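[1] All I have is the shape, not the residue letters:
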């Protein structure tokens, strides 16, 4: 039901924006399709590469071992190196099925490329964040009076942003002000259950 309601709303908003003439679209660069075509061509032409399922399993095991619910500094550091190695392996994946119709092997290979980016973002961000926050719980950031729930709001009240171009981690401040004046801001407080 949510998909229908919000899908309809999103569609109506797109139509309104297009009809208003106020929609500012950024022109695509001439080589916009080149990256996507290069991904497809690599899969089409790769010979004697690693099997997709082997790389996916290595990624899965790396994430489970090194970036579980409870996180440890030494495992995170090791995990960053390991996930970068797995990402290198993913560059050499091979698919045996070269058919052009309903090719699930190609789909799985493309999904793996995307999952690798998410895994790198997760692992590198988790290793860099020297606190516990939400579902990110580090053993070296315990619950103290100064840092409730292991949070360090002075240094870490910010969003982690991963940029695959250049493998770069950056940050963005958290906006604590609601978008509506009808809602009061929620003060930072210790989570209790």
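    Perfect, thanks for sending it. All figures in this text were calculated on a predicted structure; none of them were measured in a lab. Numbers count the residues shown, from 1 in each chain.
[2] for the most centrally placed residue in the chain, phi and psi?
    Note on the chain: the residue nearest the mean C-alpha position is residue 118, at 3.5 Å, using CA atoms, centre = their mean. Dihedral pair for residue 118: phi -70, psi -40, per degrees, to the nearest 10.
[3] which neighbours does the helix or strand that contains residue 161 have in its sheet, and in what orientation?
    Using DSSP states H and E, residue 161 sits within strand 158-163. According to DSSP bridges, strand 158-163 has the following sheet partners: strand 168-173 (antiparallel).
[4] Would you mind checking the average pLDDT for the strand it pairs with?
    The predicted model assigns strand 168-173 a mean pLDDT of 97.
[5] For stretch 164-172, what is the distance to the chain centroid?
    11 Å (CA atoms, centre = their mean, to the nearest Å).
[6] Also stretch 54-69?
    Worked out by CA atoms, centre = their mean, stretch 54-69 lies 15 Å from the chain centre.
[7] What residues of it count as buried?
    55, 56, 58, 59, 62, 63, 66, 67 (16 or more other CB atoms under 10 Å). From N, CA and C alone the C-beta is placed, and that goes for glycine too.
[8] tell me which of the residues you listed is nearest to residue 102?
    Of all the buried residues of stretch 54-69, residue 102 sits closest to residue 56, with 20.0 Å by CB to CB.
[9] Can you find the helix or strand in the protein with the smallest mean pLDDT?
    Ranking every helix and strand in the chain by mean pLDDT, DSSP states H and E puts helix 2-20 at the bottom, with a mean of 87.
[10] Could I get the average pLDDT for the following helix or strand past that helix?
    Going down the chain from helix 2-20, the next helix or strand is helix 34-45, by DSSP H and E. Averaged across helix 34-45, the pLDDT comes to 92.
[11] cool, stretch 137-145 as well?
    Mean predicted lDDT for stretch 137-145 stands at 88.
[12] Equivalent analysis for stretch 60-73, please.
    The average pLDDT within stretch 60-73 is 95.
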